[in-house]
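In: Take a look and give me a structure for this.
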Amino acid sequence: SGQGKKIATERKRMPISEAKDVILELELERLLENVDLKKEAITSVEESGIVFIDEIDKICSSRDFMSRSADASAEGVQRDLLPLIEGTTINTKYGNVNTDYILFVASGAFHAVKPSDMLPELQGRLPIRVELNGLTEDDLYKILTEPVANVRSYIFTNTC
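Out: Presented below is the predicted three-dimensional model:
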């Protein structure tokens with residue numbers, strides 16, 4: 001009594017090169033037994049998660065061009081996003097995730113609509129706006145020639 005349960009061991013003869021892999025696998029299993037990966041993943045997401053919402057302009061509706069049904073659908077999607085961005089607890093298959101401290105970043109082209117076409121509540125939750133200028137031919141030339149690790153050098157080193 002007072003002793004832990006004994007683990008059945010099996011003796012095998014094998015070369016050291018194979019034994020290293022077996023020992024590594026056994027040690028990894030032993031270390032992971034004590035770790036609750038799901039709980040750590042949820043904590044990591046809650047404390048330093050970033051959600052990137054691309055093409056948010058697609059759920060905006062311009063008063064001029066959209067039909068009534070598309071307008072209602074776009075507004076519904078925005079209303080569904082609001083609680084997530086404001087901060088709520090969502091249920092996932094890995095457990096509950098609190099979105100209070102998750103950073104939400106949204107982007108869109110906004111050619112046919114304006115950011116002001118979003119619901120005012122959603123605009124308030126995404127307060128920082130950055131407008132980018134189009135790339136010029138000079139910009140593209142600099143991107144392809146100045147950096148050490150650029151697309152052209154990547155293609156050249158991986159095809160030759």
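
In: For the residue most central in space within the chain, which three-state class applies?
Out: In the chain, the centroid-proximal residue (C-alpha atoms, centre = their mean) is residue 51; its distance is 5.2 Å. Following DSSP: H, G, I helix; E, B strand; the rest coil, residue 51 is assigned to strand.

In: do the same with residue 12
Out: coil.

In: In contact with residue 11, which residues are there?
Out: Residue 11 is in contact with no residue at all, counting by C-beta atoms under 8 Å, 6 or more residues apart in numbering. (C-beta placed from N, C-alpha, C; glycine too.)

In: Against residue 106, how distant is it?
Out: 59 Å (C-beta to C-beta, to the nearest Å).

In: hang on, residue 53 packs against residue 103?
Out: No. Proximity of residue 53 to residue 103 does not meet the contact threshold set by C-beta atoms under 8 Å, at 11.2 Å.

In: the more surrounded of these two?
Out: The residue with more neighbours, out of residue 53 and residue 103, is residue 53; 15 against 9, by other C-beta atoms under 10 Å.

In: Spatially nearest residue to that one, not counting backbone neighbours?
Out: residue 106 (4.2 Å; C-beta to C-beta, 6 or more residues apart in numbering).

In: How about residue 85?
Out: residue 125 (4.5 Å).

In: separation between residue 146 and residue 140?
Out: Distance of residue 146 to residue 140, given as C-beta to C-beta: 11 Å.

In: Oh, that last question was meant for residue 74, not what I typed.
Out: Distance, residue 74 to residue 140, using C-beta to C-beta: 34 Å.

In: Show me the strands in the protein, by range?
Out: Ranges of strands in the chain, per DSSP state E, are 50-53, 89-92, 95-98, 103-106.
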